[in-house]
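**Q** Just to be clear, the model below is a prediction. Sequence and coordinates:
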There are 2 protein chains.
Amino acid sequence: MNVEPEIKLDVKLAAGYLKMPQSKVQGLLNKRILLQNWDDYQHVFRFDKNVSKIEHGSVLYQKDGSFELIRGFPKIQRAMLLGPAINNHFSKIGSIVVEEKMNGYNVRVADIDGRIAAITRSGLVCPYSTERAEHLLNLDFFTDHPELILFGEMVGPDNPYVPKDIYGIQSLEFFVFDIRQKGSGKPYPIYERRKLADEYGFTQVRFFGEFPIAQAADVIAEIIRELGKIKHEGVVIKDPQMVLQAIKYTCSQSNCADLRHAFRYYNDYGRDYFFSRVVREGFQSVEWDENESELQNRCLQLGESILRPMIDSIRQIKDGMRISDDVQIRVRDIAVVSRFEEYLRKLGVDAVFEPPQQVEGEYLVKIRKLNQSTNDKTDSMFKGELW
Amino acid sequence: MNVEPEIKLDVKLAAGYLKMPQSKVQGLLNKRILLQNWDDYQHVFRFDKNVSKIEHGSVLYQKDGSFELIRGFPKIQRAMLLGPAINNHFSKIGSIVVEEKMNGYNVRVADIDGRIAAITRSGLVCPYSTERAEHLLNLDFFTDHPELILFGEMVGPDNPYVPKDIYGIQSLEFFVFDIRQKGSGKPYPIYERRKLADEYGFTQVRFFGEFPIAQAADVIAEIIRELGKIKHEGVVIKDPQMVLQAIKYTCSQSNCADLRHAFRYYNDYGRDYFFSRVVREGFQSVEWDENESELQNRCLQLGESILRPMIDSIRQIKDGMRISDDVQIRVRDIAVVSRFEEYLRKLGVDAVFEPPQQVEGEYLVKIRKLNQSTNDKTDSMFKGELW
């Protein structure tokens, strides 16, 4: 058995760095709020909850006798009504910038001890994302700027979390949407960030423009309608100086796509996931002052997004099949496959990895993520159990 | 200030009656699982959770030096798929009885200390339901059978919890669906219960018949389709001997009516409420093997049941109005109005009572139940707050 050596956090030093009492840091460890990463990253501790001003998903590790802190993703709140939300939230500035919100998964990429690590939203170093980031990114950036963190979205079909074909991406790409300092989490203002990212040739999320507050809601509504037609997710509305928090807004088509996916695995998703997406539809319809035929169309879309995938799953299970969420990864280093398999296992994901296929000098691995709860619950109904 | 004298439970005696250790009974009191009723019923203790075999909502009170226990409503589990559920659940008996499941609120009526009390699902003595039961029921039953409890549904428009016009009831009626013994909770077999209730002239829930297990699912599907057309709720499927637990099944139209009501007050209802009703639609569609046009119709119904009431509420609040759930009660004894007002206040319901109107020798009182959470949340969105 491969017993991992336990790595201890230097509580005194960490408390000094975080400006917290030692007892608090020790308490976080005891309550398993401050947790170790796995394997090569056991010395990288992650915050499993918000703690004071440190976001959930922040990571902390020792470096050169002190510590470094990689702050988590800042919470981006959602506008339910574009007009009121923009006017209220950005009332102190004259204009806002609109960038695309892409449908993939969030990772932060930063230098940890001289090599880069891709850290997911929850503060885990993902071996697959790390291997991909090594190939997708110009690593000079991290040599030149070891104090900076790239915040971005991993997007495309070779995506084990949120695979999407809608962007015309062949495999997987990393879209930068933020660059921040280690420690403070201080962000680059938008135009400086875009310039810096360009200098290193990074792909960035689409920039729609800078708009005066008074026109922003109308312009964004138009952008949202266009993005909806091509099934894209939505936008993030930002203060050009990155002082005010950004807010997000999504297309109805994206809400419905989320529902279609979630209801296929209806018993594996949280009920808040369904509810929040349904409520967005109501507010958008009111803000857009829809007429009877638009409203009826929205009702049908919503009902179909909920019922059809659920019914497909129930029928499939009735016919003796098991439903699974089929994803794939593509790696150059075959050793990453087993590391990623172990990683998913530790996350509690029930996944079956098929044998790697060689494709254009890389290995493509299909993964079936089994949605046990939906399979088991549906099956039990056909066996005559009661809800 | 009207300070109510505290009434203590005789823990030793209660423990002996319940066959529990004294420490357990004391623990239930300390943890506020065993709670007092209010006003005239402070000596009636209610179980706020399931405790061993005693159901949530059971009530316990001292009588003649010992105790009496009125057991809670037995949990009636739901069939998602009629065929498999009936075959599995009732495999040990030859036939089942089908009775109507009505859409109102559950009350148990029993003699407590020489007068009747109407007890809601949670074990509270409701002053309104008690006053109504006194007029609706032949009270000889309780003189003749002080050891029995009537289980029934209060149905009709003069209903402060679930008002319904669909049954052609002028004001409020009490439909018996079960008669059980105090203490043991032992039920009367169906035909004996129907006979006994008939003898006292009680209204009972509709009896559809007794059907062999092999035909039951088809017959019930037909009943459900017919009940759906007239907007009724569904059926309860019972063992004629009342040994096996009953199970329930509802019409799509009733699920959708529930959703329409709940989404009007979208932020006041639990998310499980929405989810469970949506899932029922999926299973019914599969079991009934619906074709494309039936399925499309079901999707539209579902989407409309969710979005239209929510959109109506959002629009109304946008226009500066506040939404409320408007109900009414009708009493002979005007003093019951203020008792019921106080009762709702203690329950945490924010309700505005309008002045009583005299109608045919009774008092009709309109009540506006304010759904604060939906009002406040929606309003905050128009003020530009973020979700």
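**A** Arrived safely.
**Q** C-alpha only now, for contacts and for neighbours.
**A** Will do.
**Q** Next, A:Ile33: phi, psi?
**A** Main-chain dihedrals, A:Ile33, degrees, to the nearest 10: phi -90, psi -30.
**Q** check contacts around it.
**A** A:Ile33 is in contact with A:46-49, counting by C-alpha atoms under 8 Å, 6 or more residues apart in numbering or on different chains.
**Q** got it, and A:Leu300?
**A** B:296, B:299-301, B:303-304.
**Q** Keep only those of those that are in helices.
**A** B:296, B:299-301, B:303-304 (DSSP state H).
**Q** can you pick the most crowded of those residues?
**A** Using other C-alpha atoms under 10 Å in any protein chain shown as the neighbour criterion, B:Gly303 leads these with 27 neighbours.
**Q** State the mean pLDDT of stretch A:96-107.
**A** For stretch A:96-107, the mean per-residue pLDDT is 98.
**Q** That stretch and chain B in contact?
**A** No: using C-alpha under 8 Å from any C-alpha of the partner chain, we find that stretch A:96-107 stays clear of chain B, coming within 15.7 Å at best.
**Q** can you pull the buried residues of that stretch?
**A** Using 16 or more other C-alpha atoms under 10 Å in any protein chain shown as the test for burial, stretch A:96-107 gives A:96-107.
**Q** Among these, which ones are in helices?
**A** Among these, DSSP H puts none in helices.
**Q** any idea which of those residues is closest to B:Val278?
**A** Ranked by distance to B:Val278 (C-alpha to C-alpha), the buried residues of stretch A:96-107 are led by A:Asn103 at 26.1 Å.
**Q** ok, for that closest one, nearest residue in space, not its chain neighbours?
**A** A:Glu233 (5.9 Å; C-alpha to C-alpha, 6 or more residues apart in numbering or on different chains).
**Q** count of residues packed around the one you found?
**A** 23.
**Q** ok, now A:Ala335?
**A** Under the criterion other C-alpha under 10 Å, the count of neighbours that A:Ala335 has is 10.
**Q** now A:Tyr249
**A** A:Tyr249: 23 surrounding residues under other C-alpha under 10 Å.
**Q** contacting residues around it?
**A** A:78-80, A:82, A:234-237.
**Q** filter those residues down to the ones close to chain B.
**A** Applying C-alpha under 8 Å from any C-alpha to those, one finds that A:78-80 fall near chain B.
**Q** Surely A:Arg32 is in a strand?
**A** No: assigned with DSSP: H, G, I helix; E, B strand; the rest coil, A:Arg32 falls outside any strand and is coil.
**Q** any chance you could map the helices in the stretch 151-300 of chain A?
**A** A:190-199, A:213-229, A:252-264, A:271-287, A:292-318 (DSSP state H, counting those that start in this stretch).
**Q** In TSV: the ones you listed, plus mean pLDDT.
**A** Formatted as TSV, the helices of the stretch 151-300 of chain A follow (pLDDT from 0 to 100):
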stretch	mean pLDDT
helix A:190-199	98
helix A:213-229	97
helix A:252-264	96
helix A:271-287	94
helix A:292-318	97
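**Q** possible to save these as CSV with distance to A:Val365?
**A** Below are the helices of the stretch 151-300 of chain A laid out as CSV (distance: least, C-alpha to C-alpha, whole Å):
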stretch, distance to A:Val365
helix A:190-199, 31
helix A:213-229, 31
helix A:252-264, 22
helix A:271-287, 29
helix A:292-318, 24
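**Q** Nearest approach to B:Leu139 belongs to which of those helices?
**A** helix A:271-287 (45.8 Å).
**Q** and stretch A:102-122, how far apart are its ends?
**A** Between the start and the finish of stretch A:102-122 there is a gap of 19 Å, counting by C-alpha to C-alpha, to the nearest Å.
**Q** Show me chain A divided up by domain.
**A** Domain assignment for chain A, taken from automatic domain parsing, gives A:11-70, A:252-318, A:324-382.
**Q** and A:Phe340, which of the three is it?
**A** helix.
**Q** okay but it is in contact with A:Pro127, surely?
**A** Yes: the criterion here is C-alpha atoms under 8 Å, and A:Phe340 meets it with A:Pro127 at 5.8 Å.
**Q** Looking at those two, which is more packed in?
**A** A:Pro127 (23 against 17).
**Q** List the residues that contact that one.
**A** Going by C-alpha under 8 Å, 6+ apart, A:Pro127 touches A:118, A:336, A:339-340, A:343.
**Q** swap the cut-off to 6 Å and go again
**A** A:Phe340 (C-alpha atoms under 6 Å, 6 or more residues apart in numbering or on different chains).
**Q** what does A:Met102 give?
**A** A:Met102 neighbours (C-alpha under 6 Å, 6+ apart): A:Glu233.
**Q** do you know how far it is from B:Ser380?
**A** A:Met102 sits at a distance of 27 Å from B:Ser380 (criterion: C-alpha to C-alpha).
**Q** do A:Lys238 as well
**A** Taking C-alpha to C-alpha, one finds A:Lys238 at 21 Å from B:Ser380.
**Q** And A:Glu222, by the same measure?
**A** 24 Å.
**Q** ditto for A:Asn106
**A** Distance from A:Asn106 to B:Ser380, by C-alpha to C-alpha: 29 Å.
**Q** before we move on, what about A:Arg330?
**A** Applying C-alpha to C-alpha, the value for A:Arg330 to B:Ser380 is 46 Å.
**Q** One more: A:Asn371?
**A** From A:Asn371 over to B:Ser380 the distance is 37 Å, taken as C-alpha to C-alpha.
**Q** Looking at these two, which one has more neighbours?
**A** Between A:Asn371 and B:Ser380, A:Asn371 has the larger neighbour count (other C-alpha under 10 Å), namely 21 against 15.
**Q** can you count the residues close to the closest residue to that one other than its chain neighbours?
**A** Distances taken as C-alpha to C-alpha, 6+ apart place A:Ser324 nearest to A:Asn371, at 5.8 Å, with adjacent residues excluded. Burial measure for A:Ser324: 20 neighbouring residues, criterion other C-alpha under 10 Å.
**Q** mind listing what A:Ser324 touches?
**A** A:368-371.
**Q** So what pairs up with it in the strands?
**A** For A:Ser324, the beta-bridge partners are A:Leu370 (DSSP bridges).
**Q** ok, so of the buried residues of stretch A:96-107, who is nearest chain B?
**A** Nearest to chain B out of the buried residues of stretch A:96-107 is A:Ile96 (C-alpha to the nearest C-alpha; 15.7 Å).
**Q** Now do the same contact list for the closest one.
**A** A:210-211, A:238-239.
**Q** can you rerun that using 10 Å?
**A** Taking C-alpha atoms under 10 Å, 6 or more residues apart in numbering or on different chains, we find A:Ile96 in contact with A:86, A:90, A:209-213, A:215-216, A:237-242, A:246.
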